[in-house]
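Peer 1: build me a structure from this.
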Amino acid sequence: MERETLFIAFSTQKGGVGKTAFTVLLSSYMHYQDGKSIAVIDCDFPQHSIMEMRKRDSELVINDPFYKRMAFSQFKTISRKAYPVIGSNPVDAIQDAERLIAESENKIDIIFFDLPGTMNSKGVVMTLREMDYIFSPISADRLVLASTLSFASSLNENLISVGKSKIKALNLFWTMVDAREKTPLYEAYVDAIEELGLSILKTHIPDTKRFRREMDETHRAFFRSTVFPPDKQLLKGSQVDELITEVYQIINL
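Peer 2: This next block holds a predicted model:
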């Protein structure tokens with residue numbers, strides 16, 4: 001029987017293109033803004049970046065009256081606790097996710113998996129083959145593009161096309177897009193990507209420093225948080241909401 005909870009990963013072999021950032025942004029937007037029930041399995045061992053972010057966020061909510069009021073107001077409005085972030089590793093990730101589903105009082109709509117940035121890490125391929133959907137951020141940097149296309153092509157040829165996985169779709173999407181780069185450059189890249197039999201989303205995520213903005217003691221507007229959705233003003237022009245719309249269309253949620 002097909003499981004009800006969707007397993008999704010932002011995955012790539014190249015670091016620095018935002019797979020962890022997108023995991024947090026979409027998890028928080030969907031959970032706090034759209035009312036979806038979300039969980040995160042942080043299996044990027046040993047750094048566990050999302051778990052560390054949750055720890056920092058939680059300490060600020062507990063110790064800072066400004067964030068404490070924000071959290072209280074949010075809970076009154078949406079009656080929703082923070083989504084669970086579970087520390088794991090690529091070998092145990094699926095088992096930990098299934099345990100979380102079994103122990104949850106309510107249905108979890110999506111579990112996002114944050115994986116190490118290399119398929120050589122033990123258990124990564126085993127976990128990827130259990131995903132329902134994989135989204136791979138790419139940039140116009142030749143090294144990033146070559147690495148990501150190699151990663152995506154390998155998954156497509158060795159797992160997806162031969163029916164050795166549960167993956168329903170693998171989609172690439174542009175990130176760190178420089179407004180000065182010419183459109184024909186991306187059109188040429190898209191043609192090459194499609195010739196490899198790979199799919200790419202329409203959304204282009206711009207190169208902007210707002211993706212680094214986290215909660216801190218200054219109380220300035222923040223973009224990334226595990227306990228609040230992205231700031232609405234910072235969200236404008238980020239194309240994250242457009243990305244989420246495309247993701248919803250693909251996963252039928």
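Peer 1: can you show me the helices along the stretch 101-250 of the chain?
Peer 2: Assigned by DSSP state H, counting those that start in this stretch, the helices in the stretch 101-250 of the chain fall at 124-128, 142-155, 183-195, 232-235, 240-251.
Peer 1: isn't residue 153 right up against residue 196?
Peer 2: Yes. Residue 153 lies in contact with residue 196 (CB atoms under 8 Å); the separation is 5.6 Å. For every residue, glycine as well, the C-beta is placed using N, CA and C.
Peer 1: which one's more surrounded, these two?
Peer 2: residue 153 (15 against 12; other CB atoms under 10 Å).
Peer 1: which ones are touching that one?
Peer 2: Residues counted as contacts of residue 153 (CB atoms under 8 Å, 6 or more residues apart in numbering) are 196, 198.
Peer 1: pLDDT score assigned to it?
Peer 2: At residue 153, the model reports a pLDDT of 93.
Peer 1: if we can go back for a sec, wait, which of the helices of the stretch 101-250 of the chain is closest to residue 115?
Peer 2: For residue 115, the closest of those is helix 124-128, at 5.7 Å, according to CB to CB.
Peer 1: give me the buried positions along the closest one.
Peer 2: 124, 125, 127, 128 (16 or more other CB atoms under 10 Å).
Peer 1: same check on stretch 173-190?
Peer 2: Quick answer for stretch 173-190 (16+ other CB under 10 Å): 173, 174, 175, 176, 177, 189.
Peer 1: can you give me the end-to-end span of that stretch?
Peer 2: 10 Å (CA to CA, to the nearest Å).
Peer 1: over to stretch 135-147?
Peer 2: Note: stretch 135-147 ends 15 Å apart using CA to CA.
Peer 1: tell me the gap between it and the middle of its chain.
Peer 2: Computed by CA atoms, centre = their mean, to the nearest Å, the chain-centroid distance of stretch 135-147 equals 16 Å.
Peer 1: same question for stretch 14-27.
Peer 2: On CA atoms, centre = their mean, the centre of stretch 14-27 falls 5 Å from that of its chain.
Peer 1: any idea of the mean pLDDT in that stretch?
Peer 2: Here the average pLDDT along stretch 14-27 is 88.
Peer 1: buried residues in that stretch, which are they?
Peer 2: Result for stretch 14-27 [16+ other CB under 10 Å]: buried residues 14, 17, 18, 19, 20, 21, 22, 23, 24, 25, 26, 27.
Peer 1: got TSV for those residues, with secondary structure and distance to residue 215 too?
Peer 2: TSV is the format used below for the buried residues of stretch 14-27 (DSSP: H, G, I helix; E, B strand; the rest coil; distance: CB to CB, whole Å):
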residue	secondary structure	distance to residue 215
14	coil	27
17	coil	23
18	coil	18
19	helix	20
20	helix	16
21	helix	14
22	helix	18
23	helix	17
24	helix	12
25	helix	14
26	helix	18
27	helix	15
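Peer 1: for the residues you listed, which one is nearest residue 211?
Peer 2: For the buried residues of stretch 14-27, the nearest to residue 211 is residue 21 (5.4 Å; CB to CB).
Peer 1: tell me the contacts of that closest one?
Peer 2: The neighbourhood of residue 21, defined by CB under 8 Å, 6+ apart, consists of 211, 224.
Peer 1: switch to 10 Å and redo it
Peer 2: Contacts for residue 21 (CB atoms under 10 Å, 6 or more residues apart in numbering) come out as 10, 49, 50, 137, 175, 205, 211, 212, 214, 223, 224, 240.
Peer 1: burial check on residue 246, number of neighbours?
Peer 2: 16.
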